[in-house]
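Student: Any chance you can model this:
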Amino acid sequence: MHSTHPFHRMRNALVAIALISGMPAVASAANEAPSPARCSTAEYRQFDFWIGDWDTFEMEEPNGPSIARAEITPIVSGCALHERYEQSDGLVGDSILSFDPVRRQWQQTWITNRGSNMVLWGELRDAALVLEGEVHLHDGTTILQRITWRTEGDGVRESAVLSRDGGASWEPAFDVLFRKRAR
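Tutor: Residues are numbered from 1 along each chain as shown. Below you'll find the model as predicted:
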């Protein structure tokens with residue numbers, strides 16, 4: 001007899017996805033060794049330079065006060081990165097960055113405590129990761145944004161441009177430097 005309880009349907013769907021993707025659906029024993037990471041190829045490591053606990057500085061004043069703290073941590077066995085960003089003015093953002101093996105691109109999904117969300121796609125270009133996509137603001141406005149991450153000295157520089165006219169023109173949005181947080 002098949003159960004129609006929503007939990008059982010969801011569990012069965014997840015098991016089917018796991019079987020199709022080649023992932024073990026359920027560990028058969030508590031002491032079973034984990035399967036080797038499927039996300040260990042070089043593409044999945046392209047954003048590893050950003051992993052860490054960072055203070056964030058405006059590029060216009062790189063020796064001024066930190067404007068934010070950013071913690072970037074690997075999650076789900078290294079298959080994605082989680083970013084937690086807390087700005088001194090109260091803005092808080094969380095994102096998940098992951099490499100899509102079908103599209104052969106990175107994706108970032110970003111959500112803020114101010115009601116904005118953003119989904120970007122992109123790839124490694126000239127030693128920098130460049131992602132571009134739509135930002136949906138809480139007032140219903142959509143803008144395009146292109147963000148570039150690159151190493152700079154012992155830090156990471158993140159700069160962005162935005163377009164309010166569908167990509168016909170671009171203007172600076174922000175330019176910041178992440179430095180490892182002092183312990």
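
Student: Do you have the strands of this protein handy? List them.
Tutor: Listed in chain order, the strands found in the chain under DSSP state E are 52-58, 68-75, 80-87, 92-100, 105-112, 117-125, 128-136, 142-152, 155-163, 171-180.

Student: who wins for proximity to residue 46 among these?
Tutor: strand 117-125 (5.3 Å; C-beta to C-beta). For glycine as for every other residue, the C-beta is placed from the backbone atoms N, C-alpha and C.

Student: Out of the strands of the chain, which is closest to residue 38?
Tutor: Residue 38 lies closest, by C-beta to C-beta, to one member of those: strand 92-100, at 11.1 Å.

Student: related to what we said a few turns ago, could I get the strands of the chain in CSV, plus columns for mean pLDDT and mean neighbour count?
Tutor: Written out in CSV, the entries for the strands of the chain read as follows (pLDDT from 0 to 100; neighbours: other C-beta atoms under 10 Å):
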stretch, mean pLDDT, mean neighbour count
strand 52-58, 97, 18
strand 68-75, 97, 16
strand 80-87, 98, 17
strand 92-100, 97, 17
strand 105-112, 96, 18
strand 117-125, 95, 16
strand 128-136, 95, 17
strand 142-152, 97, 17
strand 155-163, 97, 19
strand 171-180, 97, 16
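
Student: Please produce a markdown table containing those, extended by distance to residue 45.
Tutor: Shown next, in a markdown table, are the strands of the chain (distance: least, C-beta to C-beta, whole Å):
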| stretch | distance to residue 45 |
| --- | --- |
| strand 52-58 | 14 |
| strand 68-75 | 10 |
| strand 80-87 | 11 |
| strand 92-100 | 9 |
| strand 105-112 | 12 |
| strand 117-125 | 11 |
| strand 128-136 | 12 |
| strand 142-152 | 14 |
| strand 155-163 | 15 |
| strand 171-180 | 18 |
